[in-house]
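Chemist: Everything below, folded, please.
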Amino acid sequence: MLHEERFVQAIMDHEELMHDLRRVRSLELSQCYIGAGYVRNYIWDLLHGC
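Modeler: Next up, the predicted model:
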C-alpha cells in the first residue's frame with residue numbers, strides 16, 4: 001500500500017476527524033478551515049504508537 005493510500009485510509013478510519021471535515025464542508029463557507037495540526041498530530045501519533 002502506498003503512503004498516500006495509508007494516509008487517506010487512516011483519516012477515513014478516524015470517525016471524529018471525518019465528522020469534523022464533513023461538518024466544515026457542509027457549512028459551505030468561502031473561508032473555513034481545519035488547522036493542519038489536527039490532522040498532523042493524529043497521523044504523527046498513529047505512526048509513533050502514541
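
Chemist: In three-state terms, label the residue of the chain most remote from its centre for me.
Modeler: Distance to the chain centre peaks in the chain at Ser30, reaching 19.8 Å (criterion: CA atoms, centre = their mean). Counting by DSSP: H, G, I helix; E, B strand; the rest coil, the backbone at Ser30 sits in coil.

Chemist: try the one 4 residues further on
Modeler: Reduced to three states with three-state DSSP, the structure at Ile34 is coil.

Chemist: can you pull the contacts of it?
Modeler: Asp20, Leu21, Val24 (CB atoms under 8 Å, 6 or more residues apart in numbering). Any C-beta I mention is one placed from the backbone N, CA and C, and that applies to glycine too.

Chemist: Now it. Its backbone dihedrals?
Modeler: Dihedral pair for Ile34: phi -110, psi 130, per degrees, to the nearest 10.

Chemist: Please state the offset of stretch 40-50 from the chain centre?
Modeler: 12 Å (CA atoms, centre = their mean, to the nearest Å).

Chemist: Give the buried residues for that stretch.
Modeler: Tyr42 (16 or more other CB atoms under 10 Å).

Chemist: could you give the mean pLDDT of that stretch?
Modeler: Mean pLDDT, computed over stretch 40-50, is 89.

Chemist: Show residues contacting that stretch.
Modeler: Outside stretch 40-50, the residues touching it (CB under 8 Å, 6+ apart) are Phe7, Ala10, Ile11, His14, Leu17.

Chemist: so the third one makes contact with Met18?
Modeler: Yes - between Ile11 and Met18 a contact is recorded at 7.0 Å, counting by CB atoms under 8 Å.

Chemist: Please, which helix or strand holds Ala10?
Modeler: Ala10 is part of helix 3-13 when elements are defined by DSSP states H and E.

Chemist: Next secondary structure element downstream of that helix?
Modeler: Note on helix 3-13: by DSSP H and E, the next helix or strand toward the C-terminus is helix 15-26.
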